[in-house]
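Student: Okay, sequence plus prediction incoming.
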Amino acid sequence: MSGSDRQPVLSLRGVSKNFGAVSALTDVDLDVHAGEVVALVGDNGAGKSTLVKVLAGVHQPSSGTITFGGKEVALSDPSAALGLGIATVFQDLALCENLDVVANIFLGRELNPPRLDEVSMEIRAWTLLNELSARIPSVREPVASLSGGQRQTVAIARSLLTEPKLILLDEPTAALGVAQTAEVLDLIERVRARGLGVIMVSHNMEDVRAVADRIVVLRLGRNNGEFGPDASNQELVTAITGADENSVSRRASRRRAQQAPEARQ
């Protein structure tokens, strides 16, 4: 069954977000299906971060509708988004370096408070990490000693603790080396294989092509194209930058149009 024949796990229609007189998002539409990675790309100021924060419940949309699991929802705050099944891994990861892997995965969600069930938490942490084929030597390893890729793995494992249906990943491979990036991209594929919908915000087109099923472009807060992973660099750059709208490209088009009759003579 194709993606178009299935009901999206997430659907946005006409979502706008204004900050005073500034329009950060204008009439944005977006669908994400279960078991699908949708890359959200665009230049700085395109509205990607604002859209992620709307979906995470940090900002409330000024207008438009958000449907999740077939029902219209109001993402009034981060806990409401998390309760529905939308987990977010922000770029800063929000990990505590002085704590170990287990403590970071369960931070704020400790079992049986005020008494912590350390054994249950350790077993659950290992189970999650094993399901993700994580390359982490020990769940008692302090986060400060982990690589960038391993830290991203811990943050994603933490997001899976609540068994979400959709995960938002904000620049998951930013500032990572080649090997660590490959590790995180493999991790994203394993998350998709679990049947989750994934929205991945990224500036790296190679990473996007490696894992995305669809590429959605935002420009100046609006939808500006949807592409498959086989789209050409020229198509993507044009959609991201609006290159076909600038004076240089318009002059080049006029020159080509003028030269075409001459070439036929």
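Tutor: The structure has been received and is ready for your questions. Residues are numbered from 1 along each chain as shown.
Student: Excluding chain neighbours, what is closest to Val58?
Tutor: Nearest residue to Val58, sequence neighbours excluded (CB to CB, 6 or more residues apart in numbering): Pro78, at 6.2 Å. Where you see a C-beta, it was placed from the backbone N, CA and C, and this is true even at glycine.
Student: try Ser133
Tutor: Excluding the flanking residues, the one nearest Ser133 by CB to CB, 6+ apart is Arg190, at 6.4 Å.
Student: Going by secondary structure, the one you found is in what exactly?
Tutor: Take DSSP states H and E as the rule and Arg190 turns out to sit in helix 178-193.
Student: after that helix, next one along is what?
Tutor: strand 197-201.
Student: Point out where the stretch 151-265 of the chain drops to low pLDDT.
Tutor: Within the stretch 151-265 of the chain, the segments meeting pLDDT under 70 span 244-265.
Student: now the helices: where do they sit in it?
Tutor: Here the stretch 151-265 of the chain has its helices, by DSSP state H, counting those that start in this stretch, at 178-193, 205-211, 233-241, 247-264.
Student: Residues touching the shortest one, excluding its own?
Tutor: Contacts with helix 205-211, where a contact means CB atoms under 8 Å, 6 or more residues apart in numbering, come from 37, 39, 41, 173, 181, 185, 188-189, 192, 200, 202, 215, 229-230, 233, 236.
Student: how about a cut-off of 10 Å?
Tutor: Outside helix 205-211, the residues that touch it by CB atoms under 10 Å, 6 or more residues apart in numbering are 37, 39-41, 171-174, 176, 181-182, 184-189, 191-192, 198, 200-202, 204, 212, 215, 227-231, 233, 236-237, 240.
Student: Strands of the stretch 1-150 of the chain, start to end?
Tutor: Using DSSP state E, counting those that start in this stretch, the strands of the stretch 1-150 of the chain run over 10-19, 22-32, 37-41, 63-68, 71-73, 86-89.
Student: from the chain's centre, how far out does the first one sit?
Tutor: What it means is strand 10-19. Counting by CA atoms, centre = their mean, to the nearest Å, strand 10-19 is centred 16 Å from the centre of its parent chain.
Student: Can you tell me who the residue nearest the centre of the chain pairs with across the strands?
Tutor: By CA atoms, centre = their mean, the chain has its centre lying nearest to Met200, at 2.4 Å. According to DSSP bridges, the residues that bridge with Met200 are Ala39, Leu169.
Student: wouldn't it be in contact with Glu171 here?
Tutor: Yes: applying CB atoms under 10 Å as the test, Met200 and Glu171 come out as touching, 8.7 Å apart.
Student: Next, show the common contact partners of these two.
Tutor: Taking CB under 10 Å, 6+ apart as the criterion, Met200 and Glu171 both touch 89, 207.
Student: could the strands of the stretch 1-150 of the chain go into CSV alongside mean pLDDT?
Tutor: Formatted as CSV, the strands of the stretch 1-150 of the chain follow (pLDDT from 0 to 100):
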stretch, mean pLDDT
strand 10-19, 98
strand 22-32, 97
strand 37-41, 97
strand 63-68, 97
strand 71-73, 96
strand 86-89, 95
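Student: Can you redo those as TSV, where the extra columns are mean neighbour count and distance to Ala144?
Tutor: Formatted as TSV, the strands of the stretch 1-150 of the chain follow (neighbours: other CB atoms under 10 Å; distance: least, CB to CB, whole Å):
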stretch	mean neighbour count	distance to Ala144
strand 10-19	18	35
strand 22-32	19	34
strand 37-41	25	30
strand 63-68	17	36
strand 71-73	11	38
strand 86-89	24	19
